[in-house]
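J.: here's my sequence, what's the structure:
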Amino acid sequence: MERGDPPGPDEVALPTAEQAAAMELVSAGAEATARWQRDPREAVALVHELVAGGELAVEEILDEAVNTAVLMGLLTLQEAGNADPSAAAELFLSAVPHLTLAVTLDSADVD
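T.: Numbers count the residues shown, from 1 in each chain. Coordinates of the predicted model:
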């Protein structure tokens, strides 16, 4: 496949530069979220490392990390909507840490 040619039936198109940058940002946010859950200092170190590369900004990474945490909480709440009342209550409670993490990340100062 030549650059610019549409992909064939068994091929996948390569991402554009803009799509690749968006995928990198989502990946950085998800990784920062996962590391913050284990050890916030580790997440701060990751953010500084990613920012040092010059392609991402602290605010972008943290915004994406917040989005990741909120999405995890919302997916948990969505699952609760399909569960019996007892399981739903449990799932509602298990969404709280994700939403709390989102608030924490949103107010984090990693500078």
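J.: got a list of what L46 touches?
T.: By C-beta atoms under 8 Å, 6 or more residues apart in numbering, the residues touching L46 are 28, 31-32, 35. (Each C-beta comes from the backbone N, C-alpha and C, glycine too.)
J.: now A28
T.: 46, 50, 56, 60-61, 64.
J.: give me that answer again for 6 Å
T.: Applying C-beta atoms under 6 Å, 6 or more residues apart in numbering, one finds that A28 lies in contact with 50, 56, 61.
J.: return the residues in contact with the second one.
T.: Read that as L56. Neighbour list for L56: 28, 50 [criterion: C-beta under 6 Å, 6+ apart].
J.: please repeat the previous calculation with a cut-off of 8 Å.
T.: Taking C-beta under 8 Å, 6+ apart, we find L56 in contact with 24-25, 28, 50.
J.: quickly name whichever of the contacts of L46 is closest to A13.
T.: Within the contacts of L46, proximity to A13 (C-beta to C-beta) peaks at A28, which comes in at 22.9 Å.
J.: gap between stretch 71-90 and the chain center?
T.: 20 Å (C-alpha atoms, centre = their mean, to the nearest Å).
J.: which positions within the helix ranked longest in the chain qualify as buried?
T.: For the chain, the helix that runs over the most residues, judged by DSSP state H, is helix 58-81. By 16 or more other C-beta atoms under 10 Å, the buried positions in helix 58-81 come out as 58, 60-62, 64-70, 72-73, 76-77, 80.
J.: re the thing from before, turn the contacts of L46 into CSV, including secondary structure and pLDDT.
T.: Listed next are these as CSV, based on DSSP: H, G, I helix; E, B strand; the rest coil; pLDDT from 0 to 100:
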residue, secondary structure, pLDDT
A28, helix, 94
E31, helix, 95
A32, helix, 95
R35, helix, 96
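J.: for these, which single residue is the most surrounded?
T.: A32 (27 neighbours; other C-beta atoms under 10 Å).
J.: how much space between the nearest residue to it once chain neighbours are set aside and A17?
T.: Leaving out its chain neighbours, the residue that sits closest to A32 by C-beta to C-beta, 6 or more residues apart in numbering is A65, at 4.3 Å. For A65, the distance to A17 equals 23 Å [C-beta to C-beta, to the nearest Å].
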